[in-house]
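Participant: How does the following fold in three dimensions:
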Amino acid sequence: MDDDMSQYYFTASMDSGKTLCSLLKAIQFQEISIAVLAECLNIFGSGEESSLKMYYRGEGSPLLLVLQPQSLTNVMTDCEISTQTADSVLELRDEDSSEVAKLVLKAPAFLGLLADLERSCDIMELKLSPEHPNVSIVTYGMQDRSCIDMPKSSEMVQSFSCEEAVTLKYQLHHIRLIMKALAISTKVVVRCSSNGLLLLQLKLEKEDQRQMFSEFYIVPLLDD
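Facilitator: Next comes the predicted model:
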């Protein structure tokens, strides 16, 4: 490995490659190319802790991983992963939109709430208001409808702020995609913009107390 770091567009190092691997698995929604990276991080086996260094020169260059197991001295492996050039980058944030509501929830309780929602439903309506009950989650299906009210005084809610009443609809399937990440999270921050964009910020913690953060953006359903 060349010691000249100036030639790299991106470099990173971690004491634990397993930490990154756990995060990748939490946001892996389907069998896409992210699985290749996860396999490389686990090259010494799931029970082996390895330090990790990553290098990337720029567009068209491979991502280079250097892993060194903690239990084996003078052992190191290099992995190169081919990269692709994206045709375009989806920009979800709108500088003209403002934040109309923010909730801080206990992740385990929110995970339980999502798990209890009727599986046959495909649409979730989120109602936020400064007035009681503050938060209402309504799910719709072909024949089913259910509603859960969650006041700001609920044990699940750590903080709540809402400037004006807003009602938005989302694909419930998109909301459920965060459940794997929620399972290893302690807190989730829900931010709703005036354009309907939902931002879910998760604080993840591992057994060794390492902290990680993950963000999910969910766009609303448009009215017919």
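Participant: From A109, how far out is V157?
Facilitator: In this view, V157 and A109 are 9 Å apart by CB to CB, to the nearest Å. Quick note: C-beta positions are derived from backbone N, CA and C, even for glycine.
Participant: Likewise for K169?
Facilitator: Separation of K169 from A109 (CB to CB) stands at 23 Å.
Participant: and the gap between the residue lying farthest from the centre of the chain and Q68?
Facilitator: When each C-alpha in the chain is compared with the mean C-alpha position (CA atoms, centre = their mean), N74 comes out farthest, at 35.6 Å. Separation of N74 from Q68 (CB to CB): 9 Å.
Participant: any idea which helix or strand carries L111?
Facilitator: Using DSSP states H and E, L111 sits within helix 107-116.
Participant: next helix or strand past that helix?
Facilitator: Later in the chain than helix 107-116, the nearest helix or strand by DSSP H and E is strand 123-128.
Participant: so the helix or strand that that next one is followed by versus helix 107-116, what angle?
Facilitator: As assigned by DSSP H and E, the chain's next helix or strand after strand 123-128 is strand 135-140. Computed by axes from the mean of the first three to the mean of the last three CA atoms, to 10 degrees, the angle separating strand 135-140 from helix 107-116 equals 30 degrees.
Participant: Could you chop the protein up by domain?
Facilitator: 7-81, 99-218 (automatic domain parsing).
Participant: could I have the helix or strand bottoming out on mean pLDDT in the chain exported to PDB, CA atoms only?
Facilitator: Within the chain, confidence by mean pLDDT, DSSP states H and E is lowest for helix 17-26 among all helices and strands, at a mean of 83. What follows is helix 17-26 as a C-alpha-only set of coordinates in PDB (Å, rounded to 0.1, in the frame of the first residue of the first chain):
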ATOM      1  CA  GLY A  17     -14.900  -4.300  10.500                       C
ATOM      2  CA  LYS A  18     -17.800  -6.200  12.000                       C
ATOM      3  CA  THR A  19     -19.300  -2.900  13.100                       C
ATOM      4  CA  LEU A  20     -19.600  -1.700   9.500                       C
ATOM      5  CA  CYS A  21     -20.800  -5.200   8.500                       C
ATOM      6  CA  SER A  22     -23.600  -5.100  11.000                       C
ATOM      7  CA  LEU A  23     -24.700  -1.600   9.800                       C
ATOM      8  CA  LEU A  24     -24.700  -2.800   6.100                       C
ATOM      9  CA  LYS A  25     -26.800  -5.800   6.900                       C
ATOM     10  CA  ALA A  26     -29.300  -3.500   8.700                       C
END
